[in-house]
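Chemist: how does the following fold in three dimensions:
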Amino acid sequence: MESSEAAQGNGATSESSVSSSLEHLVAGSQGVINKRIDLALLEGRELLSRALQGAALVGLGIILVAAAWLAATVSVVLLVIPDASWAVRFAAFALLNAGTAIGLVTLALRDSRPPAPARRRGNGSSREALAADGKS
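Modeler: Numbers count the residues shown, from 1 in each chain. I've put the predicted structure just below:
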């Protein structure tokens, strides 16, 4: 009988050992998960901080470029027509800015258009059509 009681006691010890091991494993896993979540939150905050800092620097750069452009155009107008009235100077300033804006918009539209698809002639391939277009 002693051997059966010892076996039962040993079984209870092994069950409690497995149970405590599982509890320890779950607690450790939860700790790892919590640390990973904290790390992800910290990285997210750092990314947001860098993005806001970059946006602030870009905004400041745009303001400084606008101020430099204003100073440059005013100086060009004053240099080209120094004795003109204020109305003529403002008109020249407006024309200079409008001309620059039209040029920049034209460049932007030219670069943003997708290339035209190649045309096919008859049963030939598009390469043959391009070669034919180049020869004529």
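Chemist: use CA for all of it now, contacts and neighbours both
Modeler: Fine.
Chemist: can you name the next helix or strand after the helix or strand hosting Gly61?
Modeler: Taking DSSP states H and E as the criterion, Gly61 maps to helix 2-80. Once helix 2-80 ends, the next helix or strand along the chain (criterion: DSSP H and E) is helix 86-112.
Chemist: backbone dihedrals for Pro115, please?
Modeler: For Pro115, the backbone dihedrals are phi -70, psi 150 (criterion: degrees, to the nearest 10).
Chemist: okay, now it: neighbour count?
Modeler: For Pro115, the count of nearby residues is 7 (other CA atoms under 10 Å).
Chemist: do you know the pLDDT at it?
Modeler: We have a pLDDT of 70 for Pro115.
Chemist: repeat for the one 3 residues further on
Modeler: pLDDT, the model's per-residue confidence, is 73 for Ala118.
Chemist: cool, and Asn123?
Modeler: With respect to pLDDT, Asn123 scores 58.
Chemist: so what secondary structure elements neighbour the helix holding Gly61?
Modeler: Counting contacts by 3 or more CA pairs under 8 Å, 6 or more residues apart in numbering; DSSP states H and E, helix 2-80 packs against helix 86-112.
Chemist: next, the angle from the helix it packs on to helix 2-80.
Modeler: Calculated by axes from the mean of the first three to the mean of the last three CA atoms, to 10 degrees, helix 86-112 forms an angle of 140 degrees with helix 2-80.
Chemist: for helix 86-112, buried residues please.
Modeler: By 16 or more other CA atoms under 10 Å, the buried positions in helix 86-112 come out as 89, 92-93.
Chemist: stretch 61-78 too?
Modeler: In stretch 61-78, counting by 16+ other CA under 10 Å, buried: 73-74, 77.
Chemist: need the residues that contact it.
Modeler: 89, 92-93, 96-97 (CA atoms under 8 Å, 6 or more residues apart in numbering).
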